[in-house]
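Student: Test case, fold it:
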Amino acid sequence: MHSTGSFLNTVIERVRGYLDEPSSKYSNDFLMRNVVMPEMVNVLSRLSLNFDNPIVIRQAITIASGTEYYQLPPNVGEIFMLVQLDENNIVTADYKPQGQHHPTGPNWSIEGNLLSVRPLPDKAINLVMFYIPNGDFLPHYATDGAMASDGKSLTLSASPTLGALDTRPGAYAGATLRILKQGSNTMLQERIIDSHTAYNTGPGLVKTRVAFDAPYNGTLSSVNYEIVPQGFQSLMQCVSAASAINLAVMKDVSAKKMQFLQIEYRKALKTIGDNLSYMQMRKPKSYQKLTMDNQDRHIYTLGSERM
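Tutor: Predicted coordinates:
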């Protein structure tokens, strides 16, 4: 583990150790942007949509009368509900997608990075979209974040020490914000990011679902932090091995070394899959019968109530 406790710094350190790579040839920034980041997305794409307990983001969408297209967040991996909620966050109407050739239209569908609603809505509706993020974001490590008094809102660094700032609105939703060692405070805390606001003239702001504990639950400046995927040791090892394989191809390493790295990658990938699957032991491995999908339930359409 790197002395900072940083996920990203540890990955860089392990990649160099695997390949006996001196820092004089490739900078940490080069390795992060051109080796680690692409492999992190590859690993997460294999994992994120296969968890039994995926991180789920809620995005409010106001459907306007006569408007077909709505911009989706940049990190949507899978949409599984478009619903109306009551004041207790209980689903009161579930708008299910239908086939393109359905007599009343598809209801809603995905076209690239747009949500398409057909037939055109005949009234305004406030909906909530539940989606699983795909993990496609730019991770970074910085030492000059600023925590607000609520202990949830962090103003991001304009110039991260390692990695890159993702300026796409909503890109960090579902990622993990890790507050690292701060002077004499050695406690490491992490929270899931619930929302991410990007600005035209500033670095942006992320807000977590749950506030950080003391001493990070109040106004703080020069905060050491990083934004990374969910998971710790096993994910670190998996991304490190995958990144080392990537760099090993460029270095033309021996077949024995390559085989070792591939074995390490497969072991770590299985471990993190085991760690992040089926954490809810009271939930059966079967489809729930009492759902909005039952045929005896009302079918809601966005265009009208014809069905």
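Student: any idea where the helices of this structure begin and end?
Tutor: Counting by DSSP state H, the chain has helices at residues 7-19, 28-31, 37-47, 233-251, 255-275.
Student: Could you export those helices to JSON lines, including columns for mean pLDDT?
Tutor: Formatted as JSON lines, these follow (pLDDT from 0 to 100):
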{"stretch": "helix 7-19", "mean pLDDT": "92"}
{"stretch": "helix 28-31", "mean pLDDT": "90"}
{"stretch": "helix 37-47", "mean pLDDT": "84"}
{"stretch": "helix 233-251", "mean pLDDT": "88"}
{"stretch": "helix 255-275", "mean pLDDT": "87"}
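Student: so which of the ones you listed gets nearest Y141?
Tutor: Nearest of the helices of the chain to Y141, taken as Cβ to Cβ: helix 7-19 at 4.7 Å. Heads up, the C-betas are built off the backbone N, CA and C, glycines and all.
Student: if we can go back for a sec, redo the helices of the chain as CSV? Include mean neighbour count and distance to S109.
Tutor: Formatted as CSV, the helices of the chain follow (neighbours: other Cβ atoms under 10 Å; distance: least, Cβ to Cβ, whole Å):
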stretch, mean neighbour count, distance to S109
helix 7-19, 22, 37
helix 28-31, 16, 40
helix 37-47, 19, 22
helix 233-251, 21, 33
helix 255-275, 15, 31
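Student: Give me the number of neighbouring residues for E190.
Tutor: 17 (other Cβ atoms under 10 Å).
Student: Quick one, which of the helices of the chain gets closest to D94.
Tutor: Of all the helices of the chain, helix 37-47 comes closest under Cβ to Cβ, at 27.2 Å.
Student: Give me the angle between that closest one and helix 7-19.
Tutor: 100 degrees (axes from the mean of the first three to the mean of the last three Cα atoms, to 10 degrees).
Student: what angle separates helix 37-47 from helix 233-251?
Tutor: 130 degrees.
Student: just to revisit the earlier point, got TSV for the helices of the chain, with distance to A124 too?
Tutor: Formatted as TSV, the helices of the chain follow (distance: least, Cβ to Cβ, whole Å):
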stretch	distance to A124
helix 7-19	43
helix 28-31	47
helix 37-47	36
helix 233-251	42
helix 255-275	43
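Student: Tell me where the model's unsure across the chain.
Tutor: Within the chain, the segments meeting pLDDT under 70 span 24, 48-52, 276-307.
Student: how is it carved up into domains?
Tutor: Listed by automatic domain parsing, the domain ranges of the chain are 1-32+232-278, 57-133, 137-229.
Student: For V210, which residues are in contact?
Tutor: V210 makes contacts with 152, 191-192, as judged by Cβ atoms under 8 Å, 6 or more residues apart in numbering.
Student: wait, T67 sits on D122?
Tutor: No: counting by Cβ atoms under 8 Å, T67 does not reach D122; the two are 11.1 Å apart.
Student: which residues of the stretch 51-200 of the chain fall in strands?
Tutor: Secondary structure of the stretch 51-200 of the chain (DSSP state E, counting those that start in this stretch): strands at 57-63, 69-71, 76-85, 91-94, 107-111, 114-118, 125-133, 140-147, 153-155, 162-163, 176-179, 189-197.
Student: Quickly run through the sheet partners of the shortest one, with directions.
Tutor: The reference is to strand 162-163. Partners of strand 162-163 in the sheet, by DSSP bridges, are strand 140-147 (antiparallel).
Student: Mind listing residues that contact the strand it pairs with?
Tutor: Contacts with strand 140-147, where a contact means Cβ under 8 Å, 6+ apart, come from 4, 6, 8-9, 153-157, 159-166, 179, 212, 216, 218-227.
Student: that older thread, so which of the strands of the stretch 51-200 of the chain gets nearest L19?
Tutor: Using Cβ to Cβ, the strands of the stretch 51-200 of the chain put strand 162-163 closest to L19, at 18.6 Å.
Student: Next, the contact list for T4, please.
Tutor: Applying Cβ under 8 Å, 6+ apart to T4 gives the contacts 141, 180-181, 224.
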